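Peer 1: Return a 3D structure for these sequence lines:
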Amino acid sequence: MYAVEVGPSPEAVIAAVAGRRDPAILDSADAGPGRGRFTIVAVDPIEVASWADAAPAAMARAGQAEPPDDPFEGMRQRLVRTRIETGQSGREVDLDGRRFLGWIGYFAYEAGRFIERLPCSTRADVGLPVARFGLYDSAAVYDAANGKWMIALADLPESREPAGVRLERWRAWLAQAARETGQTPGIMASPDAPPPSAALQPPAATPAPAAYLEGVRRIREYIAAGDVFQVNLARRETFPQREPAWRSYLRLRRVNPAAYAAYLAWRQGDATAAVLCASPELFLRLEGREVMSRPIKGTRPRTGLPAADQAAAAELAASAKDYAELAMIVDLVRNDLGRVCEYGSVRVEARDGSRAGPYELEAHPTVYHLVGTVTGRLAPGRDAIDLLRACFPGGSITGAPKVRAMEIIDELEPSERGVYTGSIGIFGLDGSMTLNIAIRTIIAAGGRLHVYAGGGIVADSVPEDELEETRAKARGMRRALGVE
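Peer 2: Next up is the predicted model:
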């Protein structure tokens, strides 16, 4: 790692490189103990891997077509090819930075069709790939613990430029960002003054409020019949895109900072597609053989008024329903990890490593959440893709049992979720992996911004309350877009 003696804000650095090819930002905008710490800013990948559609996976299983290229197995092959082992000579310039470099991108929710036998009745009306990753051999890394920047470099066979050239380019970009921090009009625009934006009529494929309420009632019927214990039901709103997506992202990270935020953008046809994510949820972290997952269940809105917020936090802390909901999903995550972790290694733990109180109340900018922590040790002979396939998609955004819950989601949600409730993150060159659950997510495509939010439905869910919870979760995104 190369330390840089400049102090630009992450916002200024993101703005300085946003126009480069395929910017990929993994952003700990809400850093703190037990949350994110590092922000990775990478551009100009030396290789891109993209998988267009998950629908053929379902058709192939039904005997209607040849099996398509599996993005999980495709990524496994690439990870084996690009991994840098400790002490391996001739490939690395910066051994310490291997965890900050590698394949950055996403798996969409529908990538689960390559793992489980699932229906395929939802409409793919946004049109993004089912998975897309870029291979990055240099990045600027911001450490929120000390407010300093570092430059990570790796010398791969695929690298197109000498490491020294990439190093000097990053130094120049960081110096430019340092000069422009707080000075460039528009870059640091107030989150309270976004560009004017008027909501479009929600597309027919998006459940309207009345249809969402009916979906909650239908799930309660499935629960009463013994089909499932819980189902996560999502909805989507669509707005016109009034500015470059990176500007909306900068406003989003200020209005709704999150520990596992992300911004990805790329050219798609004649336009730019982008993913703007303000997720607080860690899906999977693999370091060496140590595994961690931190599922979220239970939400209460925040108003910014101290008395009201205190009451909301107390209500969530005392909610038997929400604790039961989280316990259900924690158990699902334990079972998923148990498929690939050493026997007896899977634990439910508090953040400090104790096992006395596994569930924590966390304050986020617009909501309170209940969070669990599940850890394990990956079994010998297993790798990051084995871990991902055992757990994907995350149980907190499907329900339990997972496969039946996903079948009901497909029945009740007319449109594909896409990146929303999939996973965004990095496969490091050292074999590590960090992936979020892509909640609090906006998709920019075709001149429109699609805002997604959902919630877990259980037997005693009140439909109107569940609808309001989705609105609370979307509040930060709507404020960033100037529609609330």
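Peer 1: Run a quick neighbour tally on Asp460.
Peer 2: 11 (other C-beta atoms under 10 Å). In short, each C-beta sits where N, CA and C put it, glycine included.
Peer 1: now the stretch 201-350 of the chain, which segments are flagged as low pLDDT?
Peer 2: Residue ranges of the stretch 201-350 of the chain with pLDDT under 70: 201-205, 350.
Peer 1: Okay, helices next: where are they in it?
Peer 2: In the stretch 201-350 of the chain, the helices defined using DSSP state H, counting those that start in this stretch lie at 209-224, 245-255, 306-317, 320-338.
Peer 1: Just say which of those is most tucked in.
Peer 2: Among the helices of the stretch 201-350 of the chain, ranked by average contacts under mean count of other C-beta atoms under 10 Å, first place goes to helix 245-255 (a mean of 25).
Peer 1: can you give me phi and psi for Arg160?
Peer 2: Phi and psi for Arg160, reported as degrees, to the nearest 10, are phi -100, psi -20.
Peer 1: correct me, but it touches Ile46?
Peer 2: Yes - the criterion here is C-beta atoms under 8 Å, and Arg160 meets it with Ile46 at 5.9 Å.
Peer 1: higher neighbour count, the two?
Peer 2: Neighbour comparison, Arg160 and Ile46: the larger count goes to Ile46, with 17 against 11 (by other C-beta under 10 Å).
Peer 1: wait, what's in contact with the closest residue to Glu237 other than its chain neighbours?
Peer 2: Nearest non-adjacent residue to Glu237, counting by C-beta to C-beta, 6 or more residues apart in numbering: Val451, 4.8 Å away. Val451 makes contact with Arg236, Glu237, Thr238, Phe239, Ile442, Ala474, Met477, Arg478, Leu481 under the criterion C-beta atoms under 8 Å, 6 or more residues apart in numbering.
Peer 1: got it, and Pro280?
Peer 2: Asp30, Arg35, Ala258, Ala259, Tyr260, Ile296, Glu362, His364, His369, Ile439, Arg440.
Peer 1: how about 7 Å then?
Peer 2: Asp30, Ala258, Ala259, Tyr260, Ile296, His364, His369 (C-beta atoms under 7 Å, 6 or more residues apart in numbering).
Peer 1: Narrow the contacts of Val451 to those that are buried.
Peer 2: Buried by 16 or more other C-beta atoms under 10 Å: Arg236, Glu237, Thr238, Phe239, Ile442, Ala474, Met477, Arg478, Leu481, out of the contacts of Val451.
Peer 1: and the angle from the helix or strand containing Asp465 to helix 209-224?
Peer 2: Here Asp465 sits within helix 463-481, counting by DSSP states H and E. Angle, helix 463-481 to helix 209-224, by axes from the mean of the first three to the mean of the last three C-alpha atoms, to 10 degrees: 130 degrees.
Peer 1: in helix 463-481, what counts as buried?
Peer 2: Judged by neighbour count (16+ other C-beta under 10 Å), helix 463-481 contains these buried residues: 463, 466-467, 469-470, 472-481.
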